[in-house]
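J.: This is the structure alone, sequence omitted:
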Ligand SMILES: [Zn+2]
């Protein structure tokens, strides 16, 4: 195959795979930027419900960005609610790495 044609074919193949990838990503239903606060049990439950669903692209759903806010006591130790929240997030992280 002449070099020019080969290069053109390679370029077309790349364009096609990029298009397929974009179409695939459009099916993503992962949550967007998510902020979790330790005093907000309802919010954590919503988060748990959201990530327990699956995404057609990524499998396990995971927020685009996850920000976990920690509350601390005067002596700088985490509040009980913060510890619980961090444990819940750790469970999701480890599940995701499996
Ligand atoms: Zn996704």
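T.: Alright, I've got the coordinates. What you see is a predicted model; the values in this text were computed from it and never measured.
J.: Can you pull the residues of this protein lying near the ion?
T.: 28, 30, 55, 57, 58 (Cβ under 5 Å from the ion). The way it works is simple: take the backbone N, C-alpha and C, and place the C-beta from them, glycine included.
J.: excluding its backbone neighbours, what's nearest the fourth one?
T.: With Cβ to Cβ, 6 or more residues apart in numbering as the measure, residue 28 is the residue that lies nearest to residue 57, at 4.4 Å, once sequence neighbours are left out.
J.: Take the residues of the chain next to the ion and write them to JSON lines, including pLDDT, distance to residue 78 and neighbour count.
T.: Putting the residues of the chain next to the ion into JSON lines (pLDDT from 0 to 100; distance: Cβ to Cβ, whole Å; neighbours: other Cβ atoms under 10 Å) gives the following:
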{"residue": "28", "pLDDT": "91", "distance to residue 78": "33", "neighbour count": "12"}
{"residue": "30", "pLDDT": "90", "distance to residue 78": "27", "neighbour count": "17"}
{"residue": "55", "pLDDT": "91", "distance to residue 78": "31", "neighbour count": "15"}
{"residue": "57", "pLDDT": "87", "distance to residue 78": "34", "neighbour count": "14"}
{"residue": "58", "pLDDT": "86", "distance to residue 78": "30", "neighbour count": "15"}
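J.: Name the SS class of the residue nearest in space to the middle of the chain, please.
T.: Nearest to the geometric centre of the chain sits residue 62, at 2.7 Å (Cα atoms, centre = their mean). Of the three states, residue 62 takes coil under DSSP: H, G, I helix; E, B strand; the rest coil.
J.: secondary structure element for residue 67?
T.: Secondary structure assignment for residue 67, by DSSP states H and E: strand 65-68.
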